[in-house]
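Peer 1: with the sequence up front, the predicted model follows.
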Amino acid sequence: MYKLIILLLTSCFCCLSTTKAQFVELGGFGGALSFNGDVNEGDILSNTNAAFGGFFRYNPHPHLAVTLSFIKGTLEAKDRSSKHNNIRERNLSFKSDLMEFSLIPEFNILPFYPKKSKQILAPYIGVGIGVIVFNPTTKYEGEWVALQAIGTEGQGLEGYPSKYSLVEFAVPVLLGLKYSIGGRLNIALEIGYRFTTTDYLDDVSTIYLPKKTLMNSSQLAVALSNRTEEYTGVVADHLTGTRRGNSNNKDSYLTFGIRISFGLYGKKAYKRKKMQYKINKWF
């Protein structure tokens with residue numbers, strides 16, 4: 001994955017060295033985020049909320065673009081919404097505002113240059129790097145509670161890991177189809193997937209700890225670590241030491257929506273100098 005990112009970035013820089021006044025786009029994004037993690041595991045499309053954002057795209061070549069993007073939305077999932085009884089009984093839930101900042105090189109499978117009528121439609125793919133900011137919360141006794149500070153899996157206690165960071169990295173992978181209207185207005189349908197470096201977007205990862213251990217943190221940590229009793233009405237101490245989440249898989253999320261942008265052109269867009277690199281033969 002990271003080798004592919006390096007290859008795309010190298011391609012972009014090589015093309016930049018052989019072109020003059022390219023064109024840029026300024027635009028916005030509207031769509032949705034769908035969470036994929038431990039809470040309501042396997043039901044990604046039911047964990048969907050609205051999202052919006054903005055972006056700046058630099059087009060150094062008809063086949064290449066580099067997009068600097070910002071997306072804001074909400075990640076949310078509830079075990080009670082699951083189709084599976086064992087997940088509903090676990091009864092965990094979370095909600096987190098998410099901000100994503102990303103840099104994504106894109107490859108236009110067909111050449112895209114809106115000033116030419118035969119190059120106004122192009123499917124594209126992209127992979128890049130991003131930074132995400134999140135803060136999982138849950139509703140308890142009518143109040144929203146921030147989970148990272150509580151340590152529902154013993155984070156921060158002696159002998160246990162420190163509390164997880166609320167800023168992590170992501171690898172965005174995307175597929176889209178863009179179309180230009182009138183040479184200036186560009187519309188794209190896009191779907192993407194974000195692989196992250198954390199398993200705590202939903203505050204769930206490892207096992208249920210003993211109440212005695214969590215009492216060293218707070219009574220709230222005890223209450224929010226194991227919420228099965230709230231659903232079944234039966235004490236669930238037998239879950240101590242069993243799987244609460246799957247620490248082998250990092251959390252991720254799906255993005256899909258529409259990008260609308262306005263193109264700004266230089267007088268000599270895509271006018272080339274003498275080719276200096278063999279890589280240009282690919283395009």
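Peer 2: Structure's in. What do you need? Being a predicted model, the structure only gives us computed values, none of them experimental.
Peer 1: quick check: mean pLDDT of stretch 70-88?
Peer 2: What stretch 70-88 shows for mean pLDDT is 95.
Peer 1: that one: end-to-end distance?
Peer 2: End-to-end span of stretch 70-88 (C-alpha to C-alpha, to the nearest Å): 34 Å.
Peer 1: and that stretch, what's buried?
Peer 2: Buried residues in stretch 70-88, counting neighbours by 16 or more other C-beta atoms under 10 Å, are found at 70-79, 82, 87-88. In this view, the C-beta of every residue, glycine as well, is placed from N, C-alpha and C.
Peer 1: cool, stretch 184-192 as well?
Peer 2: Buried residues in stretch 184-192 (16+ other C-beta under 10 Å): 186, 188, 190, 192.
Peer 1: would you mind pulling the contact partners of that stretch?
Peer 2: 25, 27, 29, 31, 114, 124, 126, 172-181, 254-263 (C-beta atoms under 8 Å, 6 or more residues apart in numbering).
Peer 1: please save the CA atoms from that stretch in PDB.
Peer 2: Output of stretch 184-192 as PDB, limited to C-alpha atoms (Å, rounded to 0.1, in the frame of the first residue of the first chain):
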ATOM      1  CA  ARG A 184     -15.400  25.100 -16.000                       C
ATOM      2  CA  LEU A 185     -17.800  23.300 -13.800                       C
ATOM      3  CA  ASN A 186     -16.700  19.800 -12.900                       C
ATOM      4  CA  ILE A 187     -18.800  17.100 -11.100                       C
ATOM      5  CA  ALA A 188     -17.600  13.800  -9.800                       C
ATOM      6  CA  LEU A 189     -19.200  10.800  -8.200                       C
ATOM      7  CA  GLU A 190     -16.800   9.200  -5.800                       C
ATOM      8  CA  ILE A 191     -16.500   6.300  -3.400                       C
ATOM      9  CA  GLY A 192     -13.600   5.800  -1.100                       C
END
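Peer 1: avg pLDDT for it?
Peer 2: 96.
Peer 1: picking that back up, got a ChimeraX select line for the buried ones in the contacts of stretch 184-192?
Peer 2: Here is the ChimeraX selection string for the buried members of these, based on 16+ other C-beta under 10 Å:
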select :25,27,29,31,114,124,126,172,173,174,176,178,180,254,255,256,257,259,261,263
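Peer 1: now Glu183, nearest residue through space, not along the chain?
Peer 2: In this structure residue 183 is Gly, not Glu. Once flanking residues are discounted, Gly183 sits nearest to Pro114: 4.6 Å by C-beta to C-beta, 6 or more residues apart in numbering.
Peer 1: identify, from the buried residues of stretch 184-192, the entry nearest to Ala146.
Peer 2: Each of the buried residues of stretch 184-192 was checked against Ala146 using C-beta to C-beta; the closest is Gly192, at 27.7 Å.
Peer 1: okay, buried residues for stretch 98-115 please.
Peer 2: Within stretch 98-115, the residues scored as buried using 16+ other C-beta under 10 Å are 98, 100, 102, 104-108, 112-114.
Peer 1: next: stretch 152-172.
Peer 2: 152-157, 160, 164, 166, 168, 170-172.
Peer 1: then it to CSV, C-alphas only?
Peer 2: Extracted as CSV, the C-alpha positions of stretch 152-172 are listed here (Å, rounded to 0.1, in the frame of the first residue of the first chain):
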residue,chain,number,x,y,z
THR,A,152,-13.0,1.3,29.4
GLU,A,153,-10.3,-1.2,28.7
GLY,A,154,-7.9,-0.2,31.5
GLN,A,155,-6.0,2.4,29.5
GLY,A,156,-3.9,4.6,31.8
LEU,A,157,-3.9,2.1,34.7
GLU,A,158,-0.6,0.6,35.9
GLY,A,159,0.3,-2.4,33.8
TYR,A,160,-2.0,-1.4,31.0
PRO,A,161,-1.4,0.7,27.8
SER,A,162,-1.6,4.4,28.0
LYS,A,163,-4.7,6.1,26.7
TYR,A,164,-5.0,6.1,23.0
SER,A,165,-4.4,9.1,20.8
LEU,A,166,-7.3,11.1,19.3
VAL,A,167,-5.2,12.0,16.3
GLU,A,168,-4.2,9.1,13.9
PHE,A,169,-3.2,8.5,10.3
ALA,A,170,-5.4,7.1,7.5
VAL,A,171,-4.8,5.7,4.0
PRO,A,172,-7.5,6.9,1.7
